[in-house]
Each structure stands twice: as structure tokens, then as C-alpha cells.
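Asker: test case, fold it:
(one chain, ligands or ions: 1)
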Amino acid sequence: MTVGWPASLDLHLDWADRPDSSKLAEALRTAIREGRLPAGSRVPSTRALAQDLGVARGTVTRAYDQLVTEGFLLSRQGAPTTVAERLASPDPIDAPPDPETPAPRWDFRPGRPNLSSFPRRDWLAASRRALQATPDGDLDYGDPQGHPALREALTEYLARVRAVATTPERIIICNGYSQALSLLSKALHDQGLESIDFEDPSLPQLRAIPAGFGMAVRGVPVDRDGIDVAQQLSRAVVVTPAHQFPLGVAMSSARRTELVQLAKAEDRLIIEDDYDGEFRFDRRPIGSLQGMAPNHVAYAGTASKTLAPALRLAWLALPPHLVAPVRALKEHSGLHAPLFEQLAMAELIRSGAYDQHVRRSRAVYRRRREQLLDALSDLRAHHRPYPAGISAGLHITLQLDPEGPTEREVLTRARKHSVELEVLGPHWAAPGQHPPGVVVGYAAPAEHAFRPALQALVTVLQR
Ligand SMILES: Cc1ncc(COP(=O)(O)O)c(C=O)c1O
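Answerer: Numbers count the residues shown, from 1 in each chain. Modelled structure (predicted):
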């Protein structure tokens, strides 16, 4: 019997490594031995699987040839390749090490893009072009602010896409947003700033950065319009206006105006963490806050969501008075951003390949978001998406029914089903009772594994 590619197949490939033909063959062998690829089932065409995994077609062909030689697969002229009958034993050869805590298979952690769609070919081409063109002198220590080519490319890109008003002289290239926030916090602390506000909830590891310099960190509540500006704010406040992390609210235009006016009137600094500003699906992204008040907003963007966190590439567009102190800290820390990544990124932007990649990714994430909401629609009685009405970013936060399973119980259940996700609990800054919720990132699973991943997620969240 010939059946299609089973929807629940997971190849257990290590996505940290680019799978080669022997790793792919081993993953398929295991799937056949464990019965996840049943006898007689049809394996995907080499072209389809190669595209899905982001590998060369030859890699898949070699893996299939090897398995045909070993008798795992049957290949006949003019017919689809199928799993051989005699070897399809459902008995697993290797028992999982601990049935209570299997390694998470379905990755719904927020903050991760789809790593298998990294534009390898464009990146390689951009790197090659940039390296050929760069003079030998560029291989020196270089400008601690970052290579001028990237700062120029970003100035144009950020103006066009995020309405950021800056110049190359005001941009500082950093090793990820974490370093950007660290440099800014230290510079502000050195200038005598003793406290800083974050939205509540927000990422605890980011709040820990200024706290590490001895600053008092305060959480300011977020409502449906964004951070509550009626609270007495500190001299510096960190916000995620395009898509609040983790609640997902977009700051309303009235709130944006209020916050900017406050910053201008009282000479406060807004730190704008624009971590996923490119991903707005229901309409054109709203421009940055920075564009409304370039002298009072330190804008931060990152390649971690659009390309890959491993690049450790982020950028600050600073008010003039902060450029020299942040630049000096960067210089003295010795943490210059690596040259080749900067040059490749500049070339990727200049060539238009970055815009193309972001456009493609936006379409994929929009579809995934719809599929996720669809899959969860039967569970709405217990888990309401939070907030209703905005479609953006790479994650959804769901409110848990306070009468239902606790966050801890959901995490335990998730672990049992090999699902990795996060809960709202650790994101709250203020102590006390908070509404329970789960934070579900939908970008990370590989394309071929997205549907089975959704099934696993629904199983976890079902009551
Ligand atoms: C709220 C928020 N800001 C910023 C970042 C980007 O951090 P980095 O550039 O250090 O990878 C993330 C990544 O997960 C994030 O969730």
C-alpha cells in the first residue's frame, strides 16, 4: 500500500547542525525502525524534502540511495520511493533514556525565528561580494561604532522600513540587543542614573542587565494601549511599542504621543526595543517611536528575529548626547562587532536580498499564526489569545483559565509531550498574583514539522 508522507513524522534532526546525508539517513532509518514511517509509506520527493530541510537535493538523494542499498527503502523506475515492508518494525531499537522527560521535540519557545529558512545562498553571495570589495585596511581593529558600510545601509533601511530618523554617525553596531542594552545601561549609570523602568511583564533576563550595574529596576504595568504613562516614570524607560513582549499589545497612537511628549517635556530617555518590528501582518507596521523624537529615543533593532540569533548583530540609533559615551564603552570593552558579519549584512541590505527575505518570512509567519489560531480555536473557551485584534510578531500569548491547570501544570504536561513553550509567570516584575498565561512562539519549528508540532501543542493545551 502506498500512503502519503505521514503528517506526524519528525525526523529528529539536529537543527543546530546542517544535516548532511549520513545524518539524514540515520534520522530516516530511526523513523522507519520506530514505525513513524510505516511500511509501504511513500517518502517525499528528493526535491520536496531538500527544500523543506534547506539542504542540497544531492544530500537527500545520497541519503535515499544509502537506505535503498541497506534495504530500508524501495526504489523502482518510474514509481515513488517507498519504505520497504520487511524492515518496518514498529519496535523501537533505542528506548528513550527517560520516558518521563524526553528531550523536547516541538520548539514553541518565543524569540526564535525559523532557523531553517536562513537565506544561506544570499548570505554566502553577499559575503563573497563584500570580501572581494573590502580593502586590506578594513581588516584592522576598525571603528568601535561598527563598519561605516553597515551603518550607512542601516540608516537608509531603518528610515524606509521603520521611519527611524538617524545618520550613520549616530548608529552603533552591537553584539545583539543584550549588549546594546548593557552598554546603554552602563552609560546611563555612569551619568548618575540610578533607576530604570521596564514594561511589566517583560523579559527577566533583560531587566537583569541594568540591575547588574546596581540600578533599581521597576516594572510599569501594561494595558491594552501599551505602557501606562499615568504612572510616575523614571528618567529612562525601556519599551517594546511595536509588539509588546510578551503580551503582544501594539502601543496605541494616543499612548505613543503621550509617552513622547512626556520624554520631551521632562527630558527623559525612551529605549525602544524594536525586536520584531518588521513582522506586522494585518497592516503596514507603524513606524518607530524614535522617528517622533530622535533626541529622546534610543532605538534598538536586531537581526536575531529577521535572520538568526547566532549572528549577534544588533544596532542602536542614539540621541547625539549618548553616542560618545556608548562608543567609548564599546571601545574599552573590546567587543567590536565582527567585521565579516557586518560587511555581509550591509551587502545583504544593499542588494535588496534582506528585504526579500523579510517579506518571505512575513508571509510564512502570517500563515503560521493563522494556522495556530485555527488549531487553537476549539480551545478558546479556556485559552483566549491576548490581546485580541493585533496580528504581529513571532509569538502569541494565551490567557489560561484561572480555574484550569496552573502554569506549572501546563509546563509539566508540555514536557511529557515533548513540547517546549514558556509561561507568563517569570516575566512579571511586580511580586504578587498575576493572570496565568502561556507564551507560544510559532516561528521555530521547521516547515515540514509545523503541522505535527501544532497537533502536539493542542494536545498539551487541551483540558
Ligand atoms: C523582547 C526582546 N528584545 C530583544 C531581543 C533580541 O535580543 P538579541 O538581539 O540579544 O538576540 C529579544 C530576543 O529574544 C526579545 O525577545
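
Asker: domain assignment for this protein?
Answerer: 21-83, 118-356, 358-462 (the TED database).

Asker: quick one: the ones you listed as TSV, columns for mean neighbour count and distance to the ligand too.
Answerer: For every residue, glycine as well, the C-beta is placed using N, CA and C. Listed next are the domains of the chain as TSV, based on neighbours: other Cβ atoms under 10 Å; distance: least, Cβ to the nearest ligand atom, whole Å:
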stretch	mean neighbour count	distance to the ligand
domain 21-83	17	21
domain 118-356	19	3
domain 358-462	18	9
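
Asker: including distance to Asp107 and mean pLDDT, could these go into CSV?
Answerer: Listed next are these as CSV, based on distance: least, Cβ to Cβ, whole Å; pLDDT from 0 to 100:
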stretch, distance to Asp107, mean pLDDT
domain 21-83, 16, 83
domain 118-356, 13, 96
domain 358-462, 4, 90
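
Asker: which strand or helix spans Leu329?
Answerer: Assigned by DSSP states H and E, Leu329 falls within helix 320-333.

Asker: next one: Arg384
Answerer: strand 383-386.

Asker: center of the chain - which residue?
Answerer: Against the mean C-alpha coordinate of the chain, by Cα atoms, centre = their mean, the closest residue is Arg112 at 2.8 Å.

Asker: check the gap between Arg42 and Pro80 for me.
Answerer: Note on Arg42: its distance to Pro80, by Cβ to Cβ, to the nearest Å, is 5 Å.

Asker: I figured Tyr365 hits Asp276, correct?
Answerer: No - if you go by Cβ atoms under 8 Å, Tyr365 and Asp276 don't touch, sitting 9.3 Å apart.

Asker: anything in contact with each of the two?
Answerer: Contact criterion Cβ atoms under 8 Å, 6 or more residues apart in numbering; residues shared by Tyr365 and Asp276: 393-394.

Asker: any idea how far the nearest residue to His357 once chain neighbours are set aside is from Arg360?
Answerer: Of all residues not flanking His357 in the chain, Pro119 sits nearest, at 4.7 Å (Cβ to Cβ, 6 or more residues apart in numbering). Plainly put, Pro119 is 8 Å away from Arg360 if you go by Cβ to Cβ.

Asker: ditto for Ala449
Answerer: According to Cβ to Cβ, Ala449 and Arg360 sit 19 Å apart.

Asker: now do Arg162
Answerer: Per Cβ to Cβ, Arg162 is found 19 Å from Arg360.

Asker: same deal with Val460?
Answerer: 29 Å.

Asker: OK, contacts around Ala149?
Answerer: Counted by Cβ under 8 Å, 6+ apart, Ala149 has contacts 130, 342-343, 346-347.

Asker: what does it show for phi and psi?
Answerer: Main-chain dihedrals, Ala149, degrees, to the nearest 10: phi -60, psi -40.

Asker: which outside residues touch the longest helix anywhere in the chain?
Answerer: When the chain is parsed with DSSP state H, its longest helix is helix 353-375. Outside helix 353-375, the residues that touch it by Cβ under 8 Å, 6+ apart are 113-114, 117, 119, 122, 125-126, 157, 161, 278-279, 281, 306-307, 345, 348-349, 385, 391, 393-394, 396, 440, 442-443, 447, 450-451, 454-455, 457-458.

Asker: now do the helices in the stretch 351-463 of the chain.
Answerer: 353-375, 407-416, 450-461 (DSSP state H, counting those that start in this stretch).

Asker: dump these to TSV, plus distance to Glu199.
Answerer: Below are these laid out as TSV (distance: least, Cβ to Cβ, whole Å):
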stretch	distance to Glu199
helix 353-375	22
helix 407-416	20
helix 450-461	26
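
Asker: which one of the ones you listed lies closest to Arg36?
Answerer: Closest to Arg36 of the helices of the stretch 351-463 of the chain is helix 450-461 (Cβ to Cβ; 9.9 Å).

Asker: could you say what helices and strands that closest one packs with?
Answerer: Helix 450-461 is packed against strand 106-107, helix 353-375, helix 407-416, strand 419-420, with contacts defined by 3 or more Cβ pairs under 8 Å, 6 or more residues apart in numbering; DSSP states H and E.

Asker: of all these, which one is nearest Pro431?
Answerer: helix 407-416 (15.7 Å).

Asker: now that closest one - C-alpha only, PDB.
Answerer: Only the C-alpha atoms of helix 407-416 are listed here, as PDB (Å, rounded to 0.1, in the frame of the first residue of the first chain):
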ATOM      1  CA  GLU A 407       1.200  27.400  34.500                       C
ATOM      2  CA  ARG A 408       3.400  24.800  36.300                       C
ATOM      3  CA  GLU A 409       0.900  22.000  35.300                       C
ATOM      4  CA  VAL A 410       0.900  23.200  31.700                       C
ATOM      5  CA  LEU A 411       4.700  23.100  31.700                       C
ATOM      6  CA  THR A 412       4.800  19.600  33.100                       C
ATOM      7  CA  ARG A 413       2.300  18.400  30.600                       C
ATOM      8  CA  ALA A 414       4.300  20.100  27.800                       C
ATOM      9  CA  ARG A 415       7.400  18.300  28.900                       C
ATOM     10  CA  LYS A 416       5.600  15.000  28.800                       C
END
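
Asker: give me the contacts around it.
Answerer: 100-102, 104, 400, 405, 420-421, 423-425, 436-438, 460-461.
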